[in-house]
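**Student:** Turn this into a structure:
(2 chains)
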Amino acid sequence: MSDKQTAMRIFKEMATLLELQGANPFKSKAYVKAARELQQHEGQPAEWIASGAIKEMRGFGKSLQEKLNELVETGKISEHEELRSSFPEGLLKILTIPGLGSKKVRVLYEELGIESVEDLEEACQTDKLLSIDGFGKKSQEKILQGIQQIRRYQGRHRLNQALPFAQRLLSDLQEQPDVQQLDLGGSLRRWKETVKDIDFVVATDNPEAVMEFFVNHPLAEHIIAHGSTKSSIMLNNGINVDLRTVTPKQYPYALMHFTGSKEHNTEMRRRAKDRGMKLNEYGLFKGDDLVECESESDIFQELDLNYIPPELREDRTEFEWAVEATHPPLVELSDIKGVFHAHSTYSDGAASLKEMAEATRALGYSYLGITDHSRTAYYAGGLSIEEVLKQHKEIDELNKEWDDFQLFKGIESDILGDGSLDYPDEILEQFDFVIASVHSQFKMSQDEMTARIIKAIEHPATTMVGHPTGRLLLNRDAYPIDIYKVVDAAAANNVIIEINANPYRLDIDWRILEYARDKGMLVSINPDAHSTKGLEDIQYGVGVARKGGLGPDHVFNALDLDTVREKLKTLRSS
DNA sequence: GCCGTTTTCGGCCCGACTGTTTTCAGTCG
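**Tutor:** The predicted structure is shown next:
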């Protein structure tokens, strides 16, 4: 029995190995496409095979169906095993070095016997690459730099690592007189949970001047590329920034092109081709004639599509609905009326109850649901029953100070190993709401973990589930869990699922939100703030909600204070 | 390896920059 994640990993690895082998590149791409298709299907491979759903899945022909079948029945794919054994494992790691693709890696392996990043580093330091055609002094230097980069940064960055720098660059570029139009593009504009680099698109009649300013920006540690329409710099925190310039007339096409995603663009160009046109970053063309568009909306329209917001351009379901309808408005930061899930000095927060409340008010929110850790979370200063009661008294006192703002009594209760909550029922009843979260005992089977969380969801005291998969971006994978079953249980029990907005988590994953939405489930966009500054993380959660296609109606903390007060009461008694 | 009311074979998205060439392959997005 092999799960979806395993199948995806194996298919992607087969694609890479096929490329390394020099196989037909379209064959390799077919495996990548199949892996994407797997990701987007709810359920597990064994179920799809049993139900015959596999036959309907895009990109699964005879051969790939057989391979998936083999994987489910035997736990492996023989062709995958053969491919793996024909190359040393280290080559896969070498392929993650920027500038090295399958062709070059293969040459290095065959000519110099390079099998690992360490081999390669040594070879570059001793000028061994100079003996091979197509490699020179500069290649060696670039490779050494690339090795440092992957060692330090794994090649991807969390939003909080990229966004502040992007905003600084954006405002600096904005001030340049030659910059006529400017936007963030790429995965940052799409609010992907981690990004590889920062992309900018600029409309200008003087690209040289803009490029000159850009590559000499004080944040640039070194210049990776400096051309007349495309340049790249590396920031001192290891993030690459790409800037593309076009003429004002080309701008909407370029913005669309550099917003991506790659898969979305591929589909767009295919649609253009179907209609006898050609789409690239410079325009949409019928023969040699430009089809004039003033905005991205116009371009979509020419391809018989309604406008697709950047966050949704991932080639998932957007082409299906955009043919028929415009997407309902996505939730915005300004829709958010209040905050749940914040810690105070009672447990592991940096600010007092009062400081957190005042900071929340100052941001324009009208309520704060405070949730310190529960007693089992001793490492985080979890609250004893006495401390809970003391905190409730303090909250009652503080609430007398405001008539336009309210502190709600909450707790982030650990979900214990057996799925129970962390206080006796008579204590749990005294909270206005309870967030149930897993903080320990991650090493369970998927069935056990799923059952554990569902048990917590079924507890009448539970209002929300906190960071449902436990992942830490770029650091720790989600614990094994059937997230669809968890969502089903939450929907059935009127439990709200948290979008944990902390940029290290962004959990629940946006990919599940469309499913959750269609189940009628509410989410709450929660900062999990451990300081007053942490409250601002809500912006990242809003990005995730948008990416998941949610509007304000799907977000619990987009409700105003009075409604939330009422809702919490009914949720508690249901 | 997939896919098809233009197709069951011959397509499969498009362009910039680099480094090494002396006209281009490889890589990237």
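**Student:** from here on, contacts and neighbour counts on C-alpha atoms
**Tutor:** Noted.
**Student:** Tell me where the stretch 151-300 of chain A has helices.
**Tutor:** Shown for the stretch 151-300 of chain A, the helices assigned by DSSP state H, counting those that start in this stretch span residues A:159-174, A:186-189, A:207-215, A:251-259, A:262-274, A:296-302.
**Student:** which residues touch the first one?
**Tutor:** Outside of helix A:159-174, the residues within contact range by CA atoms under 8 Å, 6 or more residues apart in numbering are A:179, A:182-184, A:188, A:193-195, A:197-198, A:214, A:239, A:503, A:540.
**Student:** name the element A:G59 belongs to?
**Tutor:** A:G59 belongs to no helix or strand when elements are defined using DSSP states H and E.
**Student:** so how far is DNA strand B from the nearest residue to A:E296 once chain neighbours are set aside?
**Tutor:** With CA to CA, 6 or more residues apart in numbering as the criterion, A:E296 has its nearest non-adjacent residue at 5.5 Å, and that residue is A:P252. Distance of A:P252 to DNA strand B, given as CA to the nearest atom of the strand, to the nearest Å: 15 Å.
**Student:** what does A:T371 give?
**Tutor:** Look at A:T371 and DNA strand B: by CA to the nearest atom of the strand, they are 40 Å apart.
**Student:** Touching, that residue and A:D414? I think so.
**Tutor:** No. Judged on CA atoms under 8 Å, A:T371 makes no contact with A:D414 at a distance of 11.3 Å.
**Student:** residues in contact with A:R152?
**Tutor:** Residues near A:R152 by CA under 8 Å, 6+ apart: A:G238.
**Student:** For chain A, give me the ranges with low pLDDT.
**Tutor:** Chain A contains residues with pLDDT under 70 at A:1-2, A:153-154, A:572-574.
**Student:** Regarding A:Q149, what is its secondary structure?
**Tutor:** In three-state terms, and counting by DSSP: H, G, I helix; E, B strand; the rest coil, A:Q149 is helix.
**Student:** host element of the closest residue to DNA strand B within the stretch 451-574 of chain A?
**Tutor:** Distance from DNA strand B to each residue of the stretch 451-574 of chain A (CA to the nearest atom of the strand) is smallest for A:L474, at 17.2 Å. Using DSSP H and E, A:L474 falls within no helix or strand.
**Student:** Determine the longest strand present in chain A.
**Tutor:** Looking across chain A with DSSP state E, the single longest strand is strand A:406-414.
**Student:** circling back to that earlier point, buried only: go through the contacts of helix A:159-174 for me.
**Tutor:** Burial by neighbour count, 16 or more other CA atoms under 10 Å: within the contacts of helix A:159-174 this picks out A:179, A:182-184, A:188, A:193-195, A:197-198, A:214, A:239, A:503, A:540.
**Student:** Residue nearest the middle of chain A, spatially speaking?
**Tutor:** In chain A, the residue lying closest to the centroid (CA atoms, centre = their mean) is A:E193, at 2.3 Å.
**Student:** So what are the sheet partners of the longest strand of chain A and their directions?
**Tutor:** strand A:367-373 (parallel), strand A:433-437 (parallel) (DSSP bridges).
**Student:** A:G419 in helix, strand or coil?
**Tutor:** Following three-state DSSP, A:G419 is assigned to coil.
**Student:** Could you check how far it is from DNA strand B?
**Tutor:** Look at A:G419 and DNA strand B: by CA to the nearest atom of the strand, they are 42 Å apart.
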